[in-house]
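Undergrad: how would this look folded up:
(one chain, ligands or ions: 3)
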Amino acid sequence: MSVTKGTLSAEILKSSFLESFKKFHPKILFRNPVMFVVEIGMLITFWLTIDPWAFSSKVSLGHVASARGYNLAVTIILFFTILFGNFAEAIAEGRGKAQAETLRKTKTELIARLQQPDGTFAQVPASSLKKGDIVKVVANEIIPADGEVLEGIGSVDESAITGESAPVIRGAGGDFSSVTGGTKLLSDEFLIRITVNPGESFLDKMIGLVEGATRQKTPNELALSVLLAGLTLIFLIVIVCLPPVADYLGKSLNIATLIALLVCLIPTTIGALLSAIGIAGMDRVIRFNVIAKSGKAVEAAGDVNTLILDKTGTITIGNRLASEFIPVGGHEEKELAEQAVLSSLFDETPEGRSVVELGQTMDIQLRREDYVDAENVEFSADTRMSGLNLKNGFIIRKGAVDAIKRYVQEQGGEIPEDLDHYTELIAKDGGTPLAVMVNKEIYGLIYLKDIVKPGMRERFAELRKMGIKTVMCTGDNPLTAATIAKEAGVDDFIAEAKPEDKMQLIQREQEQGKLVAMSGDGTNDAPALAQADVGLAMNTGTAAAKEAGNMVDLDSDPTKLIEVVSIGKQLLITRGALTTFSIANDVAKYFAIIPAMFVTMIPSLQVLNIMHLSSPRSAILSALIFNALVIPALIPIAMRGVKYRPMSATQMLIRNLLIFGVGGVIVPFAGIKLIDVILTATGWFS
Ligand SMILES: Nc1ncnc2c1ncn2[C@@H]1O[C@H](COP(=O)(O)OP(=O)(O)OP(=O)(O)O)[C@@H](O)[C@H]1O
Ligand SMILES: [K+]
Ligand SMILES: [Mg+2]
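TA: Numbers count the residues shown, from 1 in each chain. Ligands and ions are numbered 1, 2, ... in the order given. The predicted structure is shown next:
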């Protein structure tokens, strides 16, 4: 039951086909002005098929049968033009609808244990849970609604949402505390505070998103729609002006032909495919297990100039493990190790636990009475320290070297002379040095090792080719940051950054008119995620982070921003390429239709008839048939997207103009000629 696996099954094709007929309803088609004009044209030619005299009395009796046949042919071709366009949209929507159906099945009615004011638990329907309610969930139960774990740690099966079968760990405190309604607790027990009201859950939002129920046109799509509607209006005015001109010349123009000309000239191809391109783009993001809250976010991703990444866990593997204790200021290694372990006893971060583990290999003996009633000082990204306040008044801290140094100096302590030397050694190696302090005396350093993820250098090189600047933003010291930045190949870095520094960095970039993307998972990332144009929150992250970002990665892989950017670019490029193709196509159709229409009036127009089509009627019908057929022919490109290769925007533009612009002019010549030859050979419209 995953949102990732969406294939174009026979089921989807069948329902899309039925859906295409429903979309003929004028109320629905009205939202697409280009196709709406085609529909009106079709109704007129249909009327003319029944009553060829409807708009003029000049049709002579002898020509009635032939006029009817011609009008009917135009009507049928226009019908298929609309049908193909509807089908493109229906098929793009189909996959999302199928996914929504699967997700809906996970929404079964559950009973939750709601905490009462007196502390007892009462059974209530899960659908009645509100924001702020506190519920208890035990092993093998489905979590009744979205929330944050207040107490407990356990493994959760999230396959209903993510499609990933490996269980994940969720627990109170820290950045892994959020749980999603509909997932299953596999072990232990949770006390959860509900964070959403009925109908606003993650699952509800996800269903709405994949289904496209809340789909709104993106700014870029809207601008293009307005342009297409404008072009349609201009051509409509031109066509409406033609009959009086012809009248003045003493000739009459056939109405079905005028409509055929209009349909060939207005941008039907891109008009038909525009919404399918947008829906397919969103769908590609979803298949990557990223939930984009709006199409606007996906589009913004395509235009991103700056990518902000944190170091630990994004650029590096992230399990920074303590690998060595390095004493300074004349202290013993064992002494340092004891204090380091003591400072980490209640530190639940991976760093803290690894310090305790390293200590265990060194046979450290701690006296229980030393720490049993100690006050725990949790790590925070603001202080960049953690530790204990012992009952006997001792203050033990470990943390970023600059933070500890400042702390010691504030208390009037001395900084050991050899501290900077060893700090530098660790940092130059790309490691993170943590200083350990007891009562304003620094005992030494913990060497946290972390390595750059494989392949990062290549990924950043790819981003550079796309014209995107990468900035690493880390709480670590400048030397470590410089080493990792160099190794990973990012363009720039910011060290010793506190959470608000990230937000300021984003604001600064935006003030220069740049679009900024960032990924994050913590509550302290939330302001930056909200500020960024593309904020990718990790599904494992806190509710605040998920709320603030405009995308959520179900796999919680921060480097996925790179793919999201590629998908966004692909969406913009596909839209641009097919618009170019569509308009170039229409240009070629002038050469088929204009000579055919006016050659009896203005014989010199014959020079335009470079295609040598067999007869005026065949020319018009061939152009119209080509105009219809090009829509289904392009559906695969609209759905799959034009392949994006990293290159600069200018290179991209030139390349696409060549392929889709020049191609768009040439293809119709061949296509229309071929259809004309077939029509003539079969003898339908000679
Ligand atoms: N458990 C801990 N106890 C004490 N100090 C820590 C602990 N974990 C990290 N630090 C120190 O605090 C600094 C800031 O940590 P933080 O997690 O905010 O940023 P970071 O992990 O270094 O960088 P990034 O933003 O790339 O994740 C770290 O560089 C390290 O020096
Ligand atoms: K057209
Ligand atoms: Mg971190």
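Undergrad: any idea how many residues pack against residue 11?
TA: By the measure other C-beta atoms under 10 Å, the count of residues near residue 11 is 11. To be clear about C-beta, it is placed using only N, CA and C from the backbone, and glycine gets the same treatment.
Undergrad: can you give me the mean pLDDT across the helix or strand where it lies?
TA: Taking DSSP states H and E as the definition, one finds residue 11 inside helix 10-22. Predicted confidence along helix 10-22 averages 91 (mean pLDDT).
Undergrad: helices or strands next to that helix in the packing?
TA: The helices and strands touching helix 10-22, judged by 3 or more C-beta pairs under 8 Å, 6 or more residues apart in numbering; DSSP states H and E, are helix 64-105.
Undergrad: let me know the angle separating the helix it packs on from helix 10-22.
TA: Here helix 64-105 runs at an angle of 130 degrees relative to helix 10-22 (axes from the mean of the first three to the mean of the last three C-alpha atoms, to 10 degrees).
Undergrad: who does the next helix or strand after helix 64-105 pair up with?
TA: Toward the C-terminus, helix 64-105 is succeeded by strand 111-115 as the next helix or strand (DSSP H and E). Partner strands for strand 111-115, per DSSP bridges, with pairing direction: strand 121-125 (antiparallel), strand 134-138 (antiparallel).
Undergrad: show me the shaky parts of this protein.
TA: Filtered on pLDDT under 70, the chain yields the residue ranges 1-8, 56-63, 163-165, 174-175, 212-215, 600, 606, 608, 684-686.
Undergrad: and the residue of it that's closest to ligand 2?
TA: Closest residue of the chain to ligand 2, C-beta to the ion: residue 268 (3.8 Å).
Undergrad: which stretches of the stretch 551-686 of the chain form strands?
TA: Listed in chain order, the strands of the stretch 551-686 of the chain (DSSP state E, counting those that start in this stretch) span residues 551-553.
Undergrad: helix or strand right after the helix or strand residue 529 falls within?
TA: Using DSSP H and E, residue 529 maps to helix 526-531. Scanning forward in sequence from helix 526-531 by DSSP H and E, the next helix or strand is strand 534-538.
Undergrad: just to revisit the earlier point, please work out which of the strands paired with strand 111-115 is packed deepest.
TA: Among the strands paired with strand 111-115, judged by mean count of other C-beta atoms under 10 Å, the one packed with the most neighbours on average is strand 134-138 (a mean of 19).
Undergrad: can you tell me the strand partners of the next helix or strand after it and which way each runs?
TA: Next in sequence after strand 134-138, counting helices and strands by DSSP H and E, comes strand 147-151. The sheet places strand 147-151 alongside strand 178-179 (antiparallel), strand 189-194 (antiparallel), with pairing taken from DSSP bridges.
Undergrad: neighbouring contacts of strand 147-151?
TA: In this structure, residues lying in contact with strand 147-151 by C-beta atoms under 8 Å, 6 or more residues apart in numbering are 134-135, 170-172, 177-179, 181, 190-196, 542-543.
Undergrad: ok, which of those residues also contact ligand 1?
TA: For ligand 1, no contacts are drawn from the contacts of strand 147-151 by C-beta under 6 Å from any ligand atom.
Undergrad: residue 646 touches residue 459, doesn't it?
TA: No. Between residue 646 and residue 459 there is no contact under C-beta atoms under 8 Å: 10.4 Å.
Undergrad: nearest to residue 317, out of the strands paired with strand 111-115?
TA: Across the strands paired with strand 111-115, residue 317 has its closest neighbour in strand 134-138 (31.8 Å, C-beta to C-beta).
Undergrad: any idea how far that closest one is from the chain center?
TA: If you compare the mean C-alpha spot of strand 134-138 with that of the full chain, they lie 33 Å apart, counting by C-alpha atoms, centre = their mean, to the nearest Å.
Undergrad: tell me which residue is most central in the chain.
TA: For the chain, residue 298 is the residue whose C-alpha lies nearest the centre (C-alpha atoms, centre = their mean; 4.1 Å).
Undergrad: next, the contact list for that residue, please.
TA: 218, 281-282, 285, 292, 564, 567-568, 571.
Undergrad: where does it land in three-state SS?
TA: Classification of residue 298 using DSSP: H, G, I helix; E, B strand; the rest coil returns helix.
Undergrad: hey, C-alpha coordinates of stretch 533-549 in PDB?
TA: Once non-C-alpha atoms are left out, stretch 533-549 reads as follows in PDB (Å, rounded to 0.1, in the frame of the first residue of the first chain):
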ATOM      1  CA  ASP A 533      11.000  29.100  -1.100                       C
ATOM      2  CA  VAL A 534      11.300  25.300  -1.100                       C
ATOM      3  CA  GLY A 535      11.400  23.800   2.400                       C
ATOM      4  CA  LEU A 536      11.800  20.100   2.500                       C
ATOM      5  CA  ALA A 537      10.900  18.700   5.900                       C
ATOM      6  CA  MET A 538      11.900  15.200   7.000                       C
ATOM      7  CA  ASN A 539       9.000  12.900   7.800                       C
ATOM      8  CA  THR A 540      10.900  11.800  10.900                       C
ATOM      9  CA  GLY A 541      11.100  15.400  12.000                       C
ATOM     10  CA  THR A 542       9.000  17.400  14.400                       C
ATOM     11  CA  ALA A 543       5.400  18.400  13.700                       C
ATOM     12  CA  ALA A 544       6.600  22.000  13.700                       C
ATOM     13  CA  ALA A 545       9.100  21.300  10.900                       C
ATOM     14  CA  LYS A 546       6.600  19.400   8.800                       C
ATOM     15  CA  GLU A 547       4.100  22.200   9.300                       C
ATOM     16  CA  ALA A 548       6.600  24.900   8.300                       C
ATOM     17  CA  GLY A 549       8.000  23.300   5.100                       C
END
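Undergrad: still on that earlier bit, is it true that the residue of the chain closest to ligand 2 touches residue 32?
TA: No. Checked against C-beta under 8 Å, the pair residue 268 and residue 32 is beyond contact range at 10.1 Å.
Undergrad: joint contacts of those two?
TA: When C-beta under 8 Å, 6+ apart defines a contact, the residues bordering residue 268 and residue 32 alike are residue 85.
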